[in-house]
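let me see the structure of the following:
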Amino acid sequence: MMRVGDLTAPATTVGPDTPVREAVARMTAEGLTLLPVLSGGALVGVLHEADLLGGRVRHAPGGHGNPTRPQTVGEVMARPYGTVSPWTDLAEAVVLMADRGLHSLPVVREGVFAGVVTRREVASVLGRSDPHLRAAVALRLDGYAGRHKWEVHAHRGEVVLCDEEDDPLEQHIATVLAAGIPGTVHVATYRRDVCPEHTAAA
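Numbering: from 1, shown residues only. Just a heads-up that it's a prediction; the model follows:
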């Protein structure tokens with residue numbers, strides 16, 4: 001099973017006192033959709049691409065109802081309403097991004113900002129074709145067993161392993177080995193006669 005920490009990357013950050021113009025320039029130059037705002041290493045807010053497109057950064061209410069240009073990121077940042085930890089199941093992060101229409105998520109480890117995970121990075125891993133994932137898992141398992149012991153099935157990152165035995169230790173080892181292959185989201189092991197890949201086709 002892949003975790004968010006497997007794909008967490010360093011990120012450009014700013015502080016609450018960073019001038020808005022500078023923050024916008026960084027987002028534009030680096031093609032960022034999310035700019036984390038840190039204070040003392042802790043995530044205190046985020047600046048989203050939607051804030052730029054929606055005009056929130058350009059103007060904020062001023063005195064007497066007159067719009068004024070915000071000066072600092074702290075005036076326009078949003079609360080980080082979607083965060084994950086390095087130990088979050090990658091599949092959960094994918095669902096969170098999809099449900100909230102986000103292209104990236106801040107990663108927080110024990111209260112400290114650790115980086116970001118992006119939809120692009122996730123897609124590059126989970127986009128591996130089923131045949132390639134199946135072949136990679138089979139190669140790793142065959143190398144461990146010294147022979148072709150496991151029958152491997154893969155569907156969109158979901159890996160199913162079937163064999164003739166029912167050894168919990170061997171199943172655990174196979175699960176760990178398969179989970180370490182990039183692109184694997186979840187692993188299930190079965191004895192061949194109860195394997196759903198066979199019973200469904202019967």
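
going by C-alpha atoms from here, please, whenever you check contacts or count neighbours.
Will do.

domain assignment for the protein?
Domain ranges of the chain: 4-123, 130-199, per automatic domain parsing.

from the chain's centroid, how far away is the last one?
So the one you mean is domain 130-199. Relative to its parent chain, domain 130-199 has a centroid offset of 23 Å by C-alpha atoms, centre = their mean, to the nearest Å.

what's the average pLDDT for that domain?
In this model, domain 130-199 has a mean pLDDT of 88.

what of the longest one?
If you average the pLDDT over domain 4-123, you get 84.

quote the end-to-end distance of it.
Counting by C-alpha to C-alpha, to the nearest Å, you get 13 Å between the two ends of domain 4-123.

and stretch 116-136, by the same measure?
One end of stretch 116-136 to the other measures 27 Å (C-alpha to C-alpha).

repeat that for stretch 1-13.
End-to-end distance for stretch 1-13: 29 Å, by C-alpha to C-alpha.

ok, residues contacting stretch 105-121?
The contact list for stretch 105-121, computed with C-alpha atoms under 8 Å, 6 or more residues apart in numbering, reads 4, 7-11, 34, 36, 38, 41-43, 80, 82-86, 93-94, 97, 102-104.

quick revisit: with mean neighbour count added, can I get the domains of the chain in a markdown table?
Below are the domains of the chain laid out as a markdown table (neighbours: other C-alpha atoms under 10 Å):
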| stretch | mean neighbour count |
| --- | --- |
| domain 4-123 | 17 |
| domain 130-199 | 17 |
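
please list the members of the contacts of stretch 105-121 that lie in helices.
With helices taken from DSSP state H, the overlap with those comprises 93, 94, 97.

now flag whichever of the residues you listed is closest to residue 22.
residue 97 (26.7 Å; C-alpha to C-alpha).

doesn't residue 103 make contact with the closest one?
Yes. Counting by C-alpha atoms under 8 Å, residue 103 is a contact partner of residue 97 at 6.4 Å.

so who does residue 44 touch?
Residue 44 neighbours (C-alpha under 8 Å, 6+ apart): 37, 38, 79, 80.
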